[in-house]
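K.L.:
how would this look folded up:
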Amino acid sequence: MDYIKIRFVDNDENTENEIVRTLEDMLHVSRGGFLISKRKWRPHIDIYETLKEIVIIAEIAGIREEGMDLEISSLSLKISGYREINPAKMDASYHLAEISFGHFERTVSLPCPIDSATAEVFYTNGLLEIHLKKRPPNGIHKINIQSK
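P.N.:
Numbering: from 1, shown residues only. Sure, this is the predicted structure:
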């Protein structure tokens, strides 16, 4: 049985962009052709959660470490950078071209608040692995009421 993932958002400012990107990705896969466009490509990402941390794995082979940027807030993560274009030989003609080149960017919402200062990042064999420790849940704070 297949499932459809639905994400509910509080504001709709990025919803249209997300829908357009999703449709473009679906059409690109179904056509199997090759696109030459200036739009940013989006690396595939896995996110999982343990009791103490959130782990994000991004598939970004062929990119030097200095060609990547990470922006981490308590509730989101943005991975961006640039993959150098692999020029074909002058006498070559493509039969299939599926590897994206140029600028890439991916922003994901995190499932719970994290402590961004404790982030650990590893890049091995084309996989970027990010470990983010969860922030402890805030307890209930009692506030004394004072009279004036």
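K.L.:
Next one: the residue of the chain most remote from its centre, what pLDDT does it get?
P.N.:
Computed with Cα atoms, centre = their mean, the residue of the chain farthest from its C-alpha average is K148, at 51.3 Å. Note on K148: pLDDT of 76.
K.L.:
likewise L27?
P.N.:
At L27, the pLDDT value in this model is 63.
K.L.:
Over to L51?
P.N.:
pLDDT for L51: 93.
K.L.:
repeat for Y123
P.N.:
Y123 is assigned a predicted lDDT (pLDDT) of 93.
K.L.:
ok, it to R64 distance?
P.N.:
Between Y123 and R64 the computed distance is 9 Å (Cβ to Cβ, to the nearest Å). All C-beta atoms are positioned from the backbone trio N, CA, C, and that covers glycine.
K.L.:
higher neighbour count, these two?
P.N.:
Y123 (15 against 11; other Cβ atoms under 10 Å).
K.L.:
Verify the stated contact: the more buried one with E65.
P.N.:
Yes - counting by Cβ atoms under 8 Å, E65 is a contact partner of Y123 at 5.5 Å.
K.L.:
so how far is the host helix or strand of Y123 off the chain centroid?
P.N.:
Taking DSSP states H and E as the definition, Y123 sits inside strand 120-124. Mean-position distance between strand 120-124 and its chain equals 15 Å (Cα atoms, centre = their mean, to the nearest Å).
K.L.:
what packs against it?
P.N.:
Where contact means 3 or more Cβ pairs under 8 Å, 6 or more residues apart in numbering; DSSP states H and E, strand 120-124 is packed against strand 127-133.
K.L.:
List the contacts of the strand it packs on.
P.N.:
By Cβ atoms under 8 Å, 6 or more residues apart in numbering, the surrounding residues in contact with strand 127-133 are 52-61, 68, 70, 72, 77, 79, 110, 114-116, 118-123.
K.L.:
Then stretch 93-109?
P.N.:
With Cβ under 8 Å, 6+ apart, stretch 93-109 has contacts from 32, 34, 38, 40-43, 45, 47, 56, 58, 60, 62, 75-86, 88.
K.L.:
again, only this time at 7 Å
P.N.:
Counting by Cβ atoms under 7 Å, 6 or more residues apart in numbering, stretch 93-109 makes contact with 34, 40-43, 45, 47, 58, 75-86, 88, all of which sit outside it.
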